[in-house]
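>>> no sequence for this one, just the structure:
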């Protein structure tokens with residue numbers, strides 16, 4: 001094995017990696033495609049963009065939920081539905097926000113979206129938003 005060159009993944013730069021041999025978890029990868037490092041970077045960028053969109057959409061909805069919960073009671077199921085209905089109306093009246101919410105839900109998933117929203121009414125609201133995403 002002395003003839004094999006081991007390159008640490010975190011040391012890879014923009015060099016042409018065709019034909020390079022990598023030691024990954026004790027296993028050698030005999031060949032690397034020419035775009036592998038750039039492709040990995042592009043995928044990371046896409047995930048960061050999805051996370052950013054999810055965070056932005058969640059922040060806007062969080063603000064709406066907090067605002068409406070402060071001015072409206074949310075003790076009974078009916079009161080909770082009224083607040084969620086108002087949030088839904090406000091989202092639907094802002095097409096860019098609605099699109100952002102749907103895209104964030106599709107990209108990040110339902111559970112990630114729920115985790116990004118810190119509010120007791122999140123489950124009721126997300127059920128409605130899931131319906132938009134499926135339509």
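All right, it came through fine. From a predicted model like this one, the values you see are computed outputs, not experimental measurements.
>>> can we go C-alpha only for contacts and neighbour counts from here?
Will do.
>>> for residue 100, give me the pLDDT.
Looking at residue 100, its pLDDT reads 90.
>>> pull out the buried residues from the helix or strand where it lies.
In this assignment (DSSP states H and E), residue 100 forms part of helix 95-108. For helix 95-108, the neighbour count (16 or more other Cα atoms under 10 Å) marks 97-108 as buried.
>>> closest one of the residues you listed to residue 52?
Checking those against residue 52 by Cα to Cα gives residue 104 as the nearest, at 8.8 Å.
>>> how much space between the residue nearest to the closest one when sequence neighbours are not counted and residue 86?
Taking Cα to Cα, 6 or more residues apart in numbering, and ignoring the residues beside it in sequence, residue 104 has residue 54 as its nearest neighbour in space, at 4.6 Å. Counting by Cα to Cα, to the nearest Å, the separation of residue 54 from residue 86 is 21 Å.
>>> who has more neighbours, those two?
residue 54 (25 against 14; other Cα atoms under 10 Å).
>>> helix or strand: which one has that one?
Using DSSP H and E, residue 54 falls in helix 36-71.
>>> thought the residue nearest to residue 104 was touching residue 108?
Yes: counting by Cα atoms under 8 Å, residue 54 touches residue 108, with 6.7 Å between them.
>>> give me the contacts around stretch 53-64.
Residues from elsewhere that reach stretch 53-64, judged by Cα atoms under 8 Å, 6 or more residues apart in numbering: 87, 97, 100-101, 103-105, 108, 113, 116-119.
>>> turn the residues you listed into CSV, columns for distance to residue 77.
Listed next are the contacts of stretch 53-64 as CSV, based on distance: Cα to Cα, whole Å:
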residue, distance to residue 77
87, 15
97, 26
100, 28
101, 24
103, 29
104, 27
105, 25
108, 28
113, 22
116, 23
117, 19
118, 19
119, 15
